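In: Starting from these lines, generate the structure:
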Amino acid sequence: MSDQTLCMLGCGNLGTAILQSLLDAPPNSLCGITQFIACVKSEQSESRLKRLFSQHQNVRIMRNENLAALRDSHVTILGVDPSQVEATLEGNENEQSTGWGPPIENALMGKLLISIVAGWTRPAIETLINSETDLIDSRYPDAERAWVLRTLPNVAALVSQSMTAIEDHPSPLFPPQFKDIATAIFAQIGKPMFIPPALMPATTAVAGSTPAFWAIIVDSLVDAAVAVGVPRKVAQKQIYQSMRGSAEMLQSGIQPGELRDMGTSPEGCTIAGVMVLEEGGVRGVLGKALRESVTVARAMGKVGEKGREVHVNDTRKI
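Out: Next up, the predicted model:
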C-alpha cells in the first residue's frame, strides 16, 4: 500500500519529535506512509507546528478537528496527556453516527490506533473506542474494528535514541501488517522492542523513567566536578562522553561488573570513589527509586481501566 496518511493525535514534545523523525525518514521506509496530519487543541500549538513544519508540503496542521483527521488517516498515533484520553476518544457528540458505533469508532474502523500514552492499557482504550468489541471477536472475526496497539517510547525520541516497547500479541486476530507498520515507525526514533503485555507496566518505568534518573546522576557528577575546580562546560563534555562511552561498552556485551573492574586498580582513585558509593547505599537507593516508579506505573494502569481519579503517587495508600 502507498500514499497512506498518519495522524498524530496530540502533538506535544514527544509527538512532535516522532513526527519530525518520520518526516526525515528515508523514502519507502514507513510501509507506504507519505502524508501526515498533526492534531492540536490550542492556537499556540498550531502556530508552533506551522513554523516548525513550514517546509514540509506533506503535513497538515488541524486544530479541534479530530474526527475529520481520523477519517482522512489510515494510521493514528494517540499522544495526548493521560488525563485527556477519555475526552479525546469521546469524539463529537453533536455529530450523527453512521453505521454501528459512535463517530470515533466509525472513523477508526479497520484502522490502526497506536497509543504512546503512559498508564492506559490496550483493553482500556479499546473499551472507549469499540462499543461492540466482545461481539466482534466472538461472532465476526473478519469484521472491521479499530485495532489498538500499545507502545511506550521515551523522551530520548527527541534525539532518535528512544527504547520503544511495543506490546506483543495484542490480540489473536491482530493484523500482522499493523505490527510491521509500528516497527517501521518506531525504528525511526530509536530501537523498537516487542514486550509481553504483562511486562508493559514495568517497562513504563524501566525504559521511560530511567532517563530522568540518569539526568540526576550526571547533574550531581557535574556539580562535584565544578566543586573541585573543573569548569562546568568542560565537566559536562567529559561526563557526557564518559556516559555515552560506557553505554556503548555495555551494549557491546560487557557486563556492568566487568566495566567497573576495568576502571579500578589497587589503591586507585576509581576504587576509592566506588567504595564511597557502596558505603552510601547508592545501589539500594537507585533500586528503590525504580521499584517505586514501577509501583506508580502499575497504579496508573489501574486508574485508566477503572476510570477512578486517584493521586497515583500516593503509593503507600494504593
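
In: what residue ranges in the stretch 201-318 of the chain score low on pLDDT?
Out: 302-318 (pLDDT under 70).

In: which ones are touching the residue nearest the centre of the chain?
Out: Nearest residue to the geometric centre of the chain (CA atoms, centre = their mean): Pro153, 2.6 Å. Applying CB atoms under 8 Å, 6 or more residues apart in numbering, we find Pro153 in contact with Leu14, Ile18, Ile116, Ser162, Met163, Thr164, Phe186, Ile189, Gly190. Where you see a C-beta, it was placed from the backbone N, CA and C, and this is true even at glycine.

In: tell me the helices in the stretch 201-318 of the chain, going along the chain?
Out: Here the stretch 201-318 of the chain has its helices, by DSSP state H, counting those that start in this stretch, at 210-227, 232-251, 256-262, 269-279, 282-306.

In: Of those helices, give the one that comes closest to Phe36.
Out: Ranking the helices of the stretch 201-318 of the chain by proximity to Phe36 (CB to CB) places helix 210-227 first, at 26.0 Å.

In: who touches the closest one?
Out: 154-156, 232, 235-236, 238-240, 243, 286, 289-290.

In: switch to 7 Å and redo it
Out: Asn154, Val155, Ala156, Arg232, Ala235, Gln236, Ile239, Met243, Leu286, Ala289 (CB atoms under 7 Å, 6 or more residues apart in numbering).

In: Per-residue pLDDT of the closest residue to Gly12 other than its chain neighbours, please?
Out: Once flanking residues are discounted, Gly12 sits nearest to Gly79: 6.7 Å by CB to CB, 6 or more residues apart in numbering. Gly79 carries a pLDDT score of 95 in this model.

In: Hmm, Gly79 is touching Leu9, no?
Out: Yes - Gly79 lies in contact with Leu9 (CB atoms under 7 Å); the separation is 6.4 Å.

In: Using CSV, lay out the contacts of Pro153 together with secondary structure.
Out: As requested, the contacts of Pro153 are exported to CSV (DSSP: H, G, I helix; E, B strand; the rest coil):
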residue, secondary structure
Leu14, helix
Ile18, helix
Ile116, coil
Ser162, strand
Met163, strand
Thr164, strand
Phe186, helix
Ile189, coil
Gly190, strand
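
In: Turn these into CSV, columns for neighbour count and pLDDT.
Out: Compiled in CSV, the contacts of Pro153 are given as follows (neighbours: other CB atoms under 10 Å; pLDDT from 0 to 100):
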residue, neighbour count, pLDDT
Leu14, 21, 93
Ile18, 27, 95
Ile116, 25, 96
Ser162, 27, 95
Met163, 21, 94
Thr164, 27, 97
Phe186, 27, 97
Ile189, 26, 95
Gly190, 18, 95
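
In: just those now: which is nearest Gln255?
Out: Nearest member of the contacts of Pro153 to Gln255, counting by CB to CB, is Met163, at 19.0 Å.

In: count of neighbours near the residue nearest to the closest one when sequence neighbours are not counted?
Out: Nearest-residue entry for Met163: Ala207, 4.7 Å, with adjacent residues in sequence omitted and distances by CB to CB, 6+ apart. Using other CB atoms under 10 Å, Ala207 is surrounded by 19 other residues.
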